[in-house]
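K.L.:
sequence plus predicted model, see below.
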Protein chains: 2
Amino acid sequence: MGQTDAAFDGYRAALADAGLLIPSGVPGVYGWSGAFEDVVERVDRYVTRMGADARAEVIRFPPVLRRADYERTGHIDALPHLVGSVHSFVGTDREHRQLLQLREAGADWTTALRPTDLVLTPAACYPLYPSAAGMLPESGRTVDLGSFVFRHEPSPDPTRLTMFRMREYVRLGTPAQALRHRDDWIARAQQMLAALGLDARPVLANDPFFGRGGRALATLQREDSLKYELVVPIVSDDAPTAVASSNYHLDHFSRPFGITTPDGRLAHTACVGFGLERVTLALFRAHGVHLGCWPAAVRRTLWP
Amino acid sequence: MGQTDAAFDGYRAALADAGLLIPSGVPGVYGWSGAFEDVVERVDRYVTRMGADARAEVIRFPPVLRRADYERTGHIDALPHLVGSVHSFVGTDREHRQLLQLREAGADWTTALRPTDLVLTPAACYPLYPSAAGMLPESGRTVDLGSFVFRHEPSPDPTRLTMFRMREYVRLGTPAQALRHRDDWIARAQQMLAALGLDARPVLANDPFFGRGGRALATLQREDSLKYELVVPIVSDDAPTAVASSNYHLDHFSRPFGITTPDGRLAHTACVGFGLERVTLALFRAHGVHLGCWPAAVRRTLWP
């Protein structure tokens, strides 16, 4: 998006100098200070308050998904380069000695591991769909989710995190119920971000599908206007960063898990997702690195 | 510990019937309801209040650790069966087609993946030590950490979670500073749990080190009295469950990362860790599954 590595390096260094970011040595993985975390927590609670009228069911899953369920979502077909597959050691004493010999020799010791039943979850809503198999009530369901999520896309951009906190409201119901959720939340998220002093614009978007086949998927997703992102300047004004997205999935998640409406048809689903670290980074960019100097209205909104 | 699978199944079913636990199909991985999460969050804040006098630095890392740092901790030597190594796909279109063919044939498609630079973190404090390399101030450091952590030990016991939230206070300093932190927190954690109506006992413990060599490590750890667990009845009175532990690491973490005291010696470290889901499960066990029926004193302590 026109950003140079130097711009990213400069911005990362500024965050580290302000004591907000602690480098880990791996691009996309950072520790965060107490001040940063205070804002993340306040943004999280703000999302809760702003969604309260939906009376959503609250469910929290750990950031892992059953591998068999992961395979049914089509993620490995469309977004294989983002997957985080979890592997462990299940061998004997003798096999352990072989593992340690590999490591000693500087060879790849992970060849001694086996895949577990788990992958890291690509979005907070993924573990919900298998648990929602069956017939929905007449009014559908609205679920409040939140989780660390994993996307393997190492980058010098400090807003592109390998694991980040995603907060979601998911709607499962008829096509009309799902579509209305998606559209309501585009407007609502824009207002919410405006109340934080963030000038967010909704833009038609597509997921970063893999390879040549992925280009066709991306075109379809745009032609059907399935995904909108809310973008805000963080690293630069020219290339604003997505801090939230509102998505209409059609029957992508209901079909593999058999989620139906009371008339026996496949349900449709939609979700709005907020990237909590990105909203936080946008706030520090817009209002400066000293919380005490933020505009009074923004402080009142986050610390009510 | 004398528990039968039937006892675990019964307890898990009771939690699911009360609407607190949502099965995922994988042992050790569950979704949790809003009521459960409310308690987790309150326990988390209670730990914050009870540790406030230490004026700890707050740092939060995502639940991953740089693989190169992981290797230096000795975890793969002593606890290889618990590791969670993260693997992803970094190949071409053609290699992706081969991956999908493997999956189509019911073969192990993870052979097409490569290890990333990351492993899941085994404890909340692991990512701290590499970031603390160098000389500590005279007063040492006390750090407040919290993270989902990963331990691959699938079990029908609903208190044994593959990923769970761990809250820690870590001390880095002289041997006396570290040892005092460990001992103070054994007493303090016991009092904190008592104020929640939980009858916690400190017991000398050891980590579940792997294999034949591991038995010697466990014996050494007990002989040196390095690890104490606070145990509370959850699944049964006969076999209480550890909900917290207070540990003295000697120079185990300071040696590989070069963390020293101002006199140039290797620092010693200690940590107290609370398992937030286990404290929550202990509270539901002690006070029942209806929050409204909990003793007034416990409610006042958690909802001040």
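P.N.:
Yep, that arrived.

K.L.:
so A:Leu204 lies in a strand, does it not?
P.N.:
Yes - using DSSP: H, G, I helix; E, B strand; the rest coil, the assignment for A:Leu204 is a strand.

K.L.:
quick one: contacts for it?
P.N.:
Contacts for A:Leu204 (C-beta atoms under 8 Å, 6 or more residues apart in numbering or on different chains) come out as A:Arg222, A:Ser225, A:Lys227, A:Tyr228. Glycine gets a C-beta too; all of them are placed from N, C-alpha and C.

K.L.:
A:Ser225 too?
P.N.:
Counting by C-beta under 8 Å, 6+ apart, A:Ser225 makes contact with A:Leu204.

K.L.:
mind listing what's buried in stretch A:84-98?
P.N.:
Of the residues in stretch A:84-98, those buried by neighbour count under the rule 16 or more other C-beta atoms under 10 Å in any protein chain shown are A:Gly84, A:Ser85, A:Val86, A:His87, A:Ser88, A:Phe89, A:Gly91, A:His96.

K.L.:
pick the one among the contacts of A:Leu204 closest to A:Leu198.
P.N.:
A:Tyr228 (16.0 Å; C-beta to C-beta).

K.L.:
please report the distance of that closest one from chain B.
P.N.:
From A:Tyr228 across to chain B, the span is 26 Å (C-beta to the nearest C-beta, to the nearest Å).

K.L.:
related to what we said a few turns ago, most neighbours of all the contacts of A:Leu204, which one?
P.N.:
A:Tyr228 (24 neighbours; other C-beta atoms under 10 Å in any protein chain shown).

K.L.:
for it, give the beta-bridge partners.
P.N.:
Bridge pairing for A:Tyr228 (DSSP bridges) gives the partners A:Leu204, A:Ser246.

K.L.:
is it correct that it is in contact with A:Ala205?
P.N.:
Yes - counting by C-beta atoms under 8 Å, A:Ala205 is a contact partner of A:Tyr228 at 6.4 Å.

K.L.:
joint contacts of these two?
P.N.:
Common neighbours of A:Tyr228 and A:Ala205 (criterion: C-beta under 8 Å, 6+ apart): A:Ser245.

K.L.:
where does pLDDT dip in the stretch 1-150 of chain A?
P.N.:
Residues of the stretch 1-150 of chain A meeting the criterion pLDDT under 70: A:1-3.

K.L.:
so what's the residue of the stretch 201-304 of chain A with the smallest separation from chain B up against?
P.N.:
Relative to chain B, the nearest point of the stretch 201-304 of chain A is A:Gly211 (4.3 Å; C-beta to the nearest C-beta). Counting by C-beta under 8 Å, 6+ apart, A:Gly211 touches B:Thr92, B:Asp93, B:His96.

K.L.:
those also near chain A: which ones?
P.N.:
Contacts with chain A within those, counted by C-beta under 8 Å from any C-beta of the partner chain: B:Thr92, B:Asp93, B:His96.

K.L.:
among those, which ones are in strands?
P.N.:
Among those, no residue falls in strands (DSSP state E).

K.L.:
picking that back up, from the buried residues of stretch A:84-98, which land in helices?
P.N.:
Among these, the ones falling in helices (DSSP state H) are A:His96.

K.L.:
mind checking which of the buried residues of stretch A:84-98 land in strands?
P.N.:
Reading strands off the buried residues of stretch A:84-98 with DSSP E, I get A:Ser85, A:Val86, A:His87, A:Ser88.

K.L.:
between those, which is nearest B:Val29?
P.N.:
Using C-beta to C-beta, these come closest to B:Val29 at A:Val86, 10.9 Å.

K.L.:
ok, the closest one touching A:Val119?
P.N.:
Yes - at 6.2 Å, A:Val86 counts as touching A:Val119 under the criterion of C-beta under 8 Å.

K.L.:
find residues that contact each of these two.
P.N.:
In contact with both A:Val86 and A:Val119: A:Val64, using C-beta under 8 Å, 6+ apart.

K.L.:
redo the ones next to chain A among the contacts of A:Gly211 as TSV? Include distance to B:Pro23.
P.N.:
Formatted as TSV, the ones next to chain A among the contacts of A:Gly211 follow (distance: C-beta to C-beta, whole Å):
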residue	distance to B:Pro23
B:Thr92	39
B:Asp93	38
B:His96	32
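
K.L.:
and of the residues you listed, the nearest to chain A?
P.N.:
For the ones next to chain A among the contacts of A:Gly211, the residue nearest chain A by C-beta to the nearest C-beta is B:Asp93; the value is 4.3 Å.

K.L.:
once you drop chain neighbours, what's closest to the closest one?
P.N.:
Spatial nearest neighbour of B:Asp93, excluding adjacent residues (C-beta to C-beta, 6 or more residues apart in numbering or on different chains): A:Gly211 at 4.3 Å.

K.L.:
return the distance of the one you found relative to B:Gln98.
P.N.:
Going from A:Gly211 to B:Gln98 by C-beta to C-beta, to the nearest Å gives 13 Å.

K.L.:
one more: A:Gly288?
P.N.:
With the distance defined as C-beta to C-beta, A:Gly288 ends up 50 Å from B:Gln98.

K.L.:
cool, A:Arg299 as well?
P.N.:
54 Å.

K.L.:
what's the answer for A:Phe36, then?
P.N.:
Distance from A:Phe36 to B:Gln98, by C-beta to C-beta: 42 Å.

K.L.:
cool, A:His96 as well?
P.N.:
Applying C-beta to C-beta to A:His96 and B:Gln98 gives a distance of 30 Å.

K.L.:
just A:Glu95 next, same as before
P.N.:
To B:Gln98, A:Glu95 is 27 Å away according to C-beta to C-beta.

K.L.:
quick check: A:His181 touching A:Arg141?
P.N.:
No - with contact defined as C-beta under 8 Å, A:His181 does not count as touching A:Arg141 (10.8 Å).

K.L.:
so what sits against both of the two?
P.N.:
Listed as contacting both A:His181 and A:Arg141 by C-beta under 8 Å, 6+ apart are A:Arg171.

K.L.:
between the two, who's got more neighbours?
P.N.:
A:His181 (25 against 18).

K.L.:
tell me the contacts of the closest residue in space to that one that isn't next to it in sequence?
P.N.:
With C-beta to C-beta, 6+ apart as the criterion, A:His181 has its nearest non-adjacent residue at 3.6 Å, and that residue is A:Arg171. Residues near A:Arg171 by C-beta under 8 Å, 6+ apart: A:Gly140, A:Arg141, A:Thr142, A:Gln177, A:Ala178, A:His181, A:Arg182, A:Thr269, A:Ala270, A:Cys271.

K.L.:
buried residues in the helix ranked longest in chain A?
P.N.:
Looking across chain A with DSSP H, the single longest helix is helix A:175-195. By 16+ other C-beta under 10 Å, the buried positions in helix A:175-195 come out as A:175, A:177-179, A:181-182, A:184-186, A:188-190, A:192-193.
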